[in-house]
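*Asks:* sequence plus the predicted model coming up.
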Amino acid sequence: MEDKNFGLNDIIEMKKQHPCGTNRWKIIRMGADIRIKCEGCGHSVMLPRREFARKLKKILVKHEE
């Protein structure tokens with residue numbers, strides 16, 4: 001299984017596709033909850049960290065600090 005070390009501003013892929021047709025998301029807030037923003041339509045969603053980790057498929061682009 002792939003190591004799921006995600007960070008702020010990473011581009012990720014979730015298991016389910018967004019209704020707009022895009023499956024690329026950007027992490028815009030991290031804490032107890034994680035907010036992600038759709039790269040297609042700009043809609044943002046906040047998920048609890050545990051649920052986010054379960055629904056994460058893979059990290060597409062790792063943000064360099």
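*Replies:* Perfect, thanks for sending it.
*Asks:* rest of the way, CA atoms for contacts and neighbours
*Replies:* Fine.
*Asks:* which residue ranges form the helices in the protein?
*Replies:* 49-55 (DSSP state H).
*Asks:* low-confidence regions, it specifically.
*Replies:* 1-3, 65 (pLDDT under 70).
*Asks:* repeat that for 90
*Replies:* Low-confidence segments of the chain (pLDDT under 90): 1-6, 18, 21, 62-65.
*Asks:* distance-wise, check Asp33 relative to Pro19.
*Replies:* 22 Å (CA to CA, to the nearest Å).
*Asks:* which one of these two has more residues nearby?
*Replies:* Asp33 (14 against 9; other CA atoms under 10 Å).
*Asks:* quick check: the spatially closest residue to His63 that is not a sequence neighbour vs Val45, distance?
*Replies:* Among residues not flanking His63 along the chain, Asp10 sits closest, at 5.0 Å (CA to CA, 6 or more residues apart in numbering). As judged by CA to CA, Asp10 and Val45 stand 15 Å apart.
*Asks:* these two: which has the busier surroundings?
*Replies:* Neighbours were counted for Asp10 and for Val45 using other CA under 10 Å; Asp10 has more, 18 against 13.
*Asks:* which parts of this protein are strands?
*Replies:* 11-14, 24-29, 33-38, 44-48, 56-61 (DSSP state E).
*Asks:* which stretch among those comes nearest Asn5?
*Replies:* strand 56-61 (8.5 Å; CA to CA).
*Asks:* show me what Pro48 bridges to in the sheet.
*Replies:* Under DSSP bridges, the beta-bridge partners of Pro48 are Asp33.
*Asks:* distance of it from Asp33?
*Replies:* Pro48 sits 4 Å away from Asp33, going by CA to CA.
*Asks:* now Lys57
*Replies:* When Lys57 is compared with Asp33 (using CA to CA), they lie 18 Å apart.
*Asks:* likewise for Cys20?
*Replies:* Distance from Cys20 to Asp33, by CA to CA: 23 Å.
*Asks:* equivalent analysis for Glu64, please.
*Replies:* 22 Å.
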